[in-house]
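Asks: sequence? don't have it. structure:
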């Protein structure tokens, strides 16, 4: 299968030895722009090229905004002709072909010594310079705070049933943050091998890209190589209390920082950078937002609301307690009367004499 990854590689113009690669559809251009701004506004400045692989829907205006930031934008349409070969109808309804763009990172190693892939639903909270020490292929176990069911925490979730050569009892590995370097075995041909694997087994893959990296990590003895284990702080889900201190907060799943008002209020810095993206002329998020009443507030306003709910709840409980005390006294009173009436009915007076005799 000719993929065109090598052609994309030739279009790169390296300025650094390392690169950060993102993939974004046109509808996610705003998320991509915000992430690029976060990466570029870090301290110290990021010592890597930033490359955005985008689809054909990505607007020229958004490309111009990213180019203005020094980001290299490459149209990733080389797999369009193979869509039906690579994704089932179910997968195609959930994932874009850009989910497979991370395979291009293997070919990009022709131009860079190290590569970092980041999904665009990531919030950058602090410097991540130490991530480059990991490799040759590094990724983290998926944050289990995302899942409600224990069975979903193993890599079996990536496959439809058991899979030959894969230990599905091993922890699930999240492919949203990936580090690549040239020590990966057969990296020159790895992108083609990954696509061939997806094409051959597409009906048995629930999450194709994650399934591929699970296969590769297990083949490289991930469990025995500490340098392949990215710490959770590089791929922390917002539900995890440790996300407050995480380097990268990864909003995988349906709720993103931009489509849920509560989450948006929890990350005011993301809001600030998003406004900077809009001021550049970048496209806005145009989808729906849940809990929108919180979206323009900060976390302290949300906390005040929760404290108010708590106080109102305490007042309601106190009122209920008073009513229960009154009810208990009233019930005791009527039980006493009922007892007296019952005793008289049976011919027993209050002194215990039986008048029936």
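Replies: Yep, it's here. Quantities reported herein were computed from a predicted structural model and do not represent experimental measurements. Residues are numbered from 1 along each chain as shown.

Asks: who are the packing partners of the lowest-mean-pLDDT helix or strand in the chain?
Replies: Here the helix or strand of the chain ranked lowest by mean pLDDT, DSSP states H and E is helix 299-345, holding a mean of 75. Counting contacts by 3 or more C-beta pairs under 8 Å, 6 or more residues apart in numbering; DSSP states H and E, helix 299-345 packs against helix 261-266. In this view, the C-beta of every residue, glycine as well, is placed from N, C-alpha and C.

Asks: remind me, longest strand of the protein?
Replies: strand 173-181 (DSSP state E).

Asks: helices or strands up against that strand?
Replies: helix 104-108, strand 114-118, strand 137-141, helix 208-219, strand 248-250.

Asks: neighbouring strands - and their directions - for the following helix or strand past the second one?
Replies: Toward the C-terminal end, the helix or strand that comes next after strand 114-118 (DSSP states H and E) is strand 122-124. Strand 122-124 pairs in its sheet with strand 248-250 (antiparallel), by DSSP bridges.

Asks: residues in contact with the strand it pairs with?
Replies: The contact list for strand 248-250, computed with C-beta atoms under 8 Å, 6 or more residues apart in numbering, reads 118-119, 121-125, 128, 143, 174, 176-177, 233-238, 243, 267.

Asks: got CSV for the helices and strands packed on strand 173-181, with distance to residue 22 and mean neighbour count too?
Replies: CSV is the format used below for these (distance: least, C-beta to C-beta, whole Å; neighbours: other C-beta atoms under 10 Å):
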stretch, distance to residue 22, mean neighbour count
helix 104-108, 11, 25
strand 114-118, 6, 25
strand 137-141, 16, 23
helix 208-219, 14, 22
strand 248-250, 13, 25
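
Asks: list the buried residues of stretch 185-195.
Replies: Under the neighbour-count criterion of 16 or more other C-beta atoms under 10 Å, stretch 185-195 has 187, 190, 191, 192, 194, 195 buried.

Asks: ramachandran coordinates for residue 112?
Replies: Per-residue torsions, residue 112: phi -130, psi 150 (degrees, to the nearest 10).

Asks: and the gap between the residue nearest to the spatial centre of the chain and residue 12?
Replies: The chain has residue 252 as the residue nearest its centroid, 1.6 Å off, counting by C-alpha atoms, centre = their mean. In this structure, residue 252 and residue 12 are 27 Å apart, going by C-beta to C-beta, to the nearest Å.
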